[in-house]
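Peer 1: structure for the following, please:
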Amino acid sequence: MSQFDVYENPNKKNKTIYPYIIDIQNELISSLSTRIVIPLGKFSYFNNEQISGLTPVIDYQNEKYILLTPQISSMPTNLLNNPVGTLISMRDDIIGALDFAITGI
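Peer 2: Numbers count the residues shown, from 1 in each chain. The predicted structure is shown next:
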């Protein structure tokens, strides 16, 4: 598992709105049985609105998603199987959103 890997949402109940999960946990703490994740929501389900700095819009697979930083959580590692992509190119935006959530800056 690598930081910023993208996984399909294993929860069938909300997969339509939140199709992907991003693993944001650093590999240095890989011995845990959980990973820190943030869901990606389809931008259209959120009235094409975002909170500047906190919920950046991410283009992935030719569709717009919103990084739902306020919904950060953990997920058992065994639910995250076979990454479907990576958002390493969005690293600065993701770290910036986390920093904004914690420090307000």
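Peer 1: show me what contacts the residue of the chain most remote from its centre?
Peer 2: Note on the chain: the largest separation between a C-alpha and the mean C-alpha position, by CA atoms, centre = their mean, falls on residue 31 (20.5 Å). Applying CB atoms under 8 Å, 6 or more residues apart in numbering to residue 31 gives no contacts. From N, CA and C alone the C-beta is placed, and that goes for glycine too.
Peer 1: chain center to the lengthiest strand in the chain: distance?
Peer 2: Of all segments of type strand in the chain, defined using DSSP state E, the longest is strand 34-42. Relative to its chain's centre, strand 34-42 lies at 4 Å (CA atoms, centre = their mean, to the nearest Å).
Peer 1: packing partners of it?
Peer 2: If you count contacts as 3 or more CB pairs under 8 Å, 6 or more residues apart in numbering; DSSP states H and E, strand 34-42 packs onto strand 20-23, strand 63-67, strand 73-76.
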